[in-house]
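Participant: predicted model, plus sequence, below.
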Amino acid sequence: MKTSNEFIKNIISPLKNTIKKSSEAIMKIYGQDNQGKLDKEDGSPVTMADLAANKIIIEDLRKLTPDIPIISEETFSKENVDHGYEIFWIVDPLDGTKEFINKSDEFTVNIGLIENQRSIFGMVGALLLIKFGMDLFLMILKSHLLMKTHLLGL
């Protein structure tokens, strides 16, 4: 499959919704005392927020692009290392889990599309902007183009 500008245009709105839904799930858990912290095999932390956001993102990407494989930090396996996919989604549903646990403002939702070993598109949701009463923006990266897209009001 070769992606096109039309393909990218068609996925922007659904992906903004996905980031919004996963961000809401994360922020709901952010406010709780017990975030359900566990340690993965490699010793890095994972929380209920990571898993809730991952579930939303994976489900939405499978509906949106059923033929494109998904590699996620939370469902990663060693078989994915030499996957050989020409195109795939790469997901970190909660980048900055340690910062999230420590109630820092330095965590995001990341969704990227890789084609022929190059990133061609991505979205980053900066979640804590909501906490401070600011607008939530998504950073949309396409090749070397960087745009800010207003998310609220979807």
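Facilitator: It's in.

Participant: only C-alpha atoms from now on, for both contacts and neighbour counts.
Facilitator: Noted.

Participant: what residues are up against residue 13?
Facilitator: When contacts are counted by C-alpha atoms under 8 Å, 6 or more residues apart in numbering, residue 13 touches no other residue.

Participant: er, residue 48 I mean
Facilitator: Going by C-alpha under 8 Å, 6+ apart, residue 48 touches 29, 35-37.

Participant: please check those residues and keep the buried ones.
Facilitator: Of the members of the contacts of residue 48, the ones counted as buried by neighbours, 16 or more other C-alpha atoms under 10 Å, are 29, 35.

Participant: of all the contacts of residue 48, which comes closest to residue 93?
Facilitator: Comparing those against residue 93 with C-alpha to C-alpha places residue 29 closest, at 13.6 Å.

Participant: average pLDDT for the longest helix anywhere in the chain?
Facilitator: The longest helix of the chain (DSSP state H) is helix 5-30. Here helix 5-30 scores 89 as its mean pLDDT.

Participant: just stretch 69-79 next, same as before
Facilitator: So the average pLDDT for stretch 69-79 ends up being 77.

Participant: cool, and stretch 111-126?
Facilitator: Computed over stretch 111-126, the average pLDDT equals 87.

Participant: list the buried residues in that stretch.
Facilitator: So stretch 111-126, judged by 16+ other C-alpha under 10 Å, has buried residues 111-115, 119-126.

Participant: no further questions, thank you.
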